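[1] Fold the stuff below for me.
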Amino acid sequence: MEHGADVATLSQEGYKHFKAGRYRDAVELFNKVLEIDETNSYALVGLGDVARKQGRQSDAVTFYQKCLGSDTNNAFALFGLADAYRSLRRYRDALEIWERYLAHDRENVTVLTRVADAYRKVRDKERSQQLYEKVLGIEPDNPYARIGLGHLHYDFREYEDALRHWKHMYDISGERVDIRVLTSIGNCFRKIKDFSGGIGYFREAIEKEPENFYALFGLADCHRGMNEAEESLVYWNRILRNDPDNRVILTRAGDAYRSVGELDRAQDHYERALQQGDDIYARLGLALLTRTRGETAAAIDLMEVLKRREPENHRIYTELASTYAQDGNTSEAIEVLEQFQRRGNPTAYIDEMIGRYRSQR
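    Model (predicted):
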């Protein structure tokens, strides 16, 4: 009995230290408990919780598994183990443990949303959606389930459904709306090519965080989609102030400079992008720059090389065909486009280009 009292007291004190963030003191007390009782669930879970808080997920797994070895259905160990697996991106292992947890607590919305998240990570849409909707049946405005459902639909390119859930969060949040909801809504508008619809949400996000990368990128890309190159440059350059070596942004800025006729600046940005590593779009940008300068034969040579490197990239074929046509060779332009079609890639846009060039012969 005396040992039992010692264990209880040590465990209680250990958890007090843990909750206060005094992890070293907590570990010392939990280890003292294990010297008395080496399978003590409270101490093993406590050590697992400390390890998880400190980012030592593999150590946490070891402690939780040892606890479950003697206390099979310990809810705290199950929860901690599943969460540690999630942090390690071992989503299928996490799912197995969370399903065991739910067998004893089917209405725990925290666990339900985490299980739904994990099913989303392994692309099990049906089970993920089922669990998110179960949470909403319990708490209709649960933000984690609403946002999770938005991501689930987005992952499966169901952008209108994603918008419905994210807009619900936007409507009920008011001024407290999370910036990630704003950028997610904006990205849905980008995906359905309603660029003007996305602009307002990205601007609202920038008001909250002026240097937020995703908001700046989204706003720049919306202006790009609306063929407003000068406006897009404002935001590409704001990103480059903070991240001057970003290859993707350098290439996008190069495209915008090329569109507004600042060819030397465009070339500088493409070359800076290539200094960060090879990039097919930076190379294509240089080829288009060559075409803009009237050097169509050189541009064709550059694009033919790119076509051989990336034979499934439709943009290279359409730009190469346009260059042949600009050089007065519509037959070669049609052949390039038909090459793309023969690879099993028919598109209405390609068909329209072929029809246009045939009418010019």
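
[2] What does the pLDDT read for residue 124?
    pLDDT, residue 124: 95.

[3] Ok, residue 66 next?
    97.

[4] ok, the nearest residue to it once chain neighbours are set aside - contacts?
    Distances taken as CB to CB, 6 or more residues apart in numbering put residue 44 closest to residue 66, at 5.4 Å, once the chain neighbours are dropped. From N, CA and C alone the C-beta is placed, and that goes for glycine too. Residues near residue 44 by CB atoms under 8 Å, 6 or more residues apart in numbering: 30, 34, 63-64, 66-67, 77.

[5] I'd like the distance between residue 44 and residue 82.
    16 Å (CB to CB, to the nearest Å).

[6] which residues sit in contact with residue 88?
    Residue 88 neighbours (CB under 8 Å, 6+ apart): 57-58, 61.

[7] so which of the contacts of residue 44 comes closest to residue 304?
    residue 64 (58.4 Å; CB to CB).

[8] Settle this for me: the closest one is touching residue 77, isn't it.
    Yes - applying CB atoms under 8 Å as the test, residue 64 and residue 77 come out as touching, 4.6 Å apart.

[9] CA atoms of the helix or strand containing residue 353 as PDB?
    According to DSSP states H and E, residue 353 maps onto helix 348-360. This file holds the C-alpha atoms of helix 348-360, laid out as PDB (Å, rounded to 0.1, in the frame of the first residue of the first chain):
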ATOM      1  CA  ALA A 348     -10.000  20.900 -78.000                       C
ATOM      2  CA  TYR A 349      -7.400  23.700 -78.000                       C
ATOM      3  CA  ILE A 350      -5.000  21.600 -80.100                       C
ATOM      4  CA  ASP A 351      -7.900  20.700 -82.500                       C
ATOM      5  CA  GLU A 352      -8.700  24.400 -82.800                       C
ATOM      6  CA  MET A 353      -5.100  25.300 -83.600                       C
ATOM      7  CA  ILE A 354      -4.800  22.600 -86.300                       C
ATOM      8  CA  GLY A 355      -8.000  23.800 -87.900                       C
ATOM      9  CA  ARG A 356      -6.800  27.400 -87.900                       C
ATOM     10  CA  TYR A 357      -3.500  26.500 -89.500                       C
ATOM     11  CA  ARG A 358      -5.100  24.300 -92.200                       C
ATOM     12  CA  SER A 359      -7.400  27.200 -93.200                       C
ATOM     13  CA  GLN A 360      -4.200  29.300 -93.700                       C
END
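
[10] Show me what that helix is in contact with.
    Counting by CB under 8 Å, 6+ apart, residues outside helix 348-360 touching it are 314, 317-318, 321, 325, 330, 333-334, 337-338, 340-341.

[11] Repeat that for stretch 272-287.
    245-248, 250-251, 254-255, 258, 266-267, 270-271, 299, 302-303, 306, 309-310, 313, 315-316, 319.

[12] List the buried residues for it?
    Buried residues in stretch 272-287, counted by 16 or more other CB atoms under 10 Å: 272-274, 279, 281-287.

[13] and which of those is nearest residue 142?
    Looking across the buried residues of stretch 272-287 and measuring by CB to CB, the closest to residue 142 is residue 281, at 40.6 Å.

[14] roughly how far is the helix or strand where that closest one lies from the heart of the chain?
    Here residue 281, judged by DSSP H and E, is contained in helix 280-292. Distance of helix 280-292 from its chain centroid, counting by CA atoms, centre = their mean, to the nearest Å, is 28 Å.

[15] got the domain boundaries for the chain?
    Annotated domains of the chain cover 1-104, 299-361 [automatic domain parsing].

[16] hang on, the earlier thing: list buried residues within the contacts of stretch 272-287.
    Counted by 16+ other CB under 10 Å, the contacts of stretch 272-287 give 246-248, 250-251, 254-255, 258, 266-267, 270, 299, 302-303, 306, 313, 316, 319 as buried.

[17] Okay, and which of those map to strands?
    Assigned to strands by DSSP state E, none of the buried ones among the contacts of stretch 272-287 qualify.

[18] Among those residues, name the ones in helices.
    Under the assignment DSSP state H, the buried ones among the contacts of stretch 272-287 contribute 247-248, 250-251, 254-255, 258, 266-267, 270, 299, 302-303, 306, 316, 319 to helices.

[19] Find the least confident helix or strand in the chain, judged by mean pLDDT.
    helix 2-19 (a mean of 80; mean pLDDT, DSSP states H and E).

[20] by contact count, what packs against that one?
    When contacts are defined as 3 or more CB pairs under 8 Å, 6 or more residues apart in numbering; DSSP states H and E, helix 2-19 packs onto helix 23-36, helix 41-53.

[21] which of the ones you listed is buried the deepest?
    With neighbours taken as mean count of other CB atoms under 10 Å, the helices and strands packed on helix 2-19 reach their highest mean count in helix 41-53, at a mean of 23.

[22] Now do it against helix 23-36, angle only.
    For helix 41-53 against helix 23-36, the angle by axes from the mean of the first three to the mean of the last three CA atoms, to 10 degrees is 150 degrees.

[23] Check which element follows helix 41-53 along the chain.
    Toward the C-terminus from helix 41-53 - assigned by DSSP H and E - lies helix 57-70.

[24] so can I have CSV of the helices and strands packed on helix 2-19 showing mean pLDDT?
    As requested, those are exported to CSV (pLDDT from 0 to 100):
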stretch, mean pLDDT
helix 23-36, 94
helix 41-53, 96
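
[25] and residue 11, which of these is closest to it?
    Here helix 41-53 is closest among those (CB to CB), at 4.2 Å.

[26] and that closest one, how far out from the chain's middle?
    That offset, for helix 41-53, works out to 31 Å (CA atoms, centre = their mean).

[27] same thing with stretch 339-357?
    Centroid separation for stretch 339-357 versus its chain: 32 Å, with CA atoms, centre = their mean.
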